[in-house]
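[1] Quick one, what's the 3D model for this:
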Amino acid sequence: MSKGKKIYCIASFAFACAVLILTITLCMMHPGRVYASSMDPDSITKITQKDTQGADHNTDNANGLSITYNNDSGSVSTPIKMLLVLTILSLAPSILIMMTSFTRIIIVLHFLRTAIGTQTTPPNQVLIGLALFLTFFIMWPTFQQINKEAIQPLDKGEITQSEFFEKAEGPIREFMIKDAKIQIRDVNLFAEISGETYKDTKELSDVPFTTLVPAFILSELRKAFIMGFLIYIPFIVIDMVVSSVLMSMGMMMLPPTTISLPFKILLFVLADGWDLVIKSLVQTFY
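    Below is the predicted model:
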């Protein structure tokens, strides 16, 4: 395991531990009610039956996790909202990789760096950062739709949690099917493995989400490898030409990559390669 992967695993584990500790702390902090009077004992206000029932309810739930509803429309209390937000943040890396354009972008950029022949230039941090911001650029309309149709109504108490997940699933499903253009054969593969059947072969509206996500990942891997192959072709031609010239000159001990690397970098810069690659990547999602 490389040093970067070790640092990423340690940071993920530390973040998960911090989320768990903060969640337990929020659950333990449940203040009760205190009734007191500085006046004469005869002037102490009597506790109503409703307040007594509320105090008993707080006492019963002081040692556990209680889910309370602010109103009849189904909005949950603030600690539970924080718990849901922290859970989503802990699962954000998996969601970002599995259900967005990040996978295709980072694989194509890795193929590009390998084809040019620069081992660590650009570094992994730069490639991941570029892929991350391109993902936000491509997925921004989808994120806005999720915020408008699911997050804001849940925060206002207009929908329940089950309706929230249903409404949040819709824009992501639409992105996978229409924008990313998921391939039907990948959906058929996982549907056949799971023993599921669906009738809508165009819109894929009746395909379960658990089947659609792995099919989307497989489709993204296939498209990324095809684009990587096309990127490799011009650089392989340069390597072959340089190798043939060196062989004809009798310089068999001189590595061809030493001579071909400057020519590949020059070709990439003159052709404005970064604009071409990024433009082609973004246009595949529109």
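[2] Could you pull out the helices in the stretch 151-286 of the chain for me?
    With helices called from DSSP state H, counting those that start in this stretch, the stretch 151-286 of the chain shows them at 152-156, 161-174, 184-194, 209-248, 256-270, 273-283.
[3] What is the fourth one packed up against?
    With contacts defined as 3 or more C-beta pairs under 8 Å, 6 or more residues apart in numbering; DSSP states H and E, the packing partners of helix 209-248 are helix 78-98, helix 102-116, helix 161-174, helix 184-194, helix 256-270, helix 273-283. No exception for glycine: its C-beta is placed from N, CA and C like everyone else's.
[4] Taking their axis directions, that helix and helix 273-283 sit at what angle?
    Put simply, helix 209-248 runs at 160 degrees to helix 273-283, going by axes from the mean of the first three to the mean of the last three C-alpha atoms, to 10 degrees.
[5] between helix 209-248 and helix 102-116, what angle do the directions make?
    For helix 209-248 against helix 102-116, the angle by the same axes, to 10 degrees is 10 degrees.
[6] Adjust the sequence numbering to begin at 56 for everything that follows.
    That works, and once the first residue is 56, the last one we named lands at helix 264-303.
[7] Give me whichever of the helices and strands packed on helix 264-303 is most buried.
    Mean neighbour count, computed with mean count of other C-beta atoms under 10 Å, is highest for helix 157-171 among those, reaching a mean of 21.
[8] Which strands and helices lie in contact with whichever helix or strand comes after it?
    If you walk from helix 157-171 toward the C-terminus, the next helix or strand you reach (DSSP states H and E) is helix 179-201. Packing partners of helix 179-201 (3+ C-beta pairs under 8 Å, 6+ apart): helix 157-171, helix 216-229, helix 328-338.
[9] Need the CA coordinates for the longest one. CSV is fine.
    The reference is to helix 157-171. What follows is helix 157-171, C-alpha atoms only, in CSV (Å, rounded to 0.1, in the frame of the first residue of the first chain):
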residue,chain,number,x,y,z
PHE,A,157,-15.7,11.3,-10.6
THR,A,158,-14.8,7.7,-11.6
ARG,A,159,-14.6,8.4,-15.4
ILE,A,160,-12.7,11.6,-14.9
ILE,A,161,-10.0,10.4,-12.6
ILE,A,162,-9.4,7.2,-14.7
VAL,A,163,-9.0,9.2,-17.9
LEU,A,164,-6.6,11.7,-16.2
HIS,A,165,-4.5,8.8,-14.9
PHE,A,166,-4.3,7.2,-18.4
LEU,A,167,-3.3,10.6,-19.8
ARG,A,168,-0.4,10.9,-17.3
THR,A,169,0.7,7.4,-18.0
ALA,A,170,0.5,7.9,-21.8
ILE,A,171,2.7,11.0,-21.7
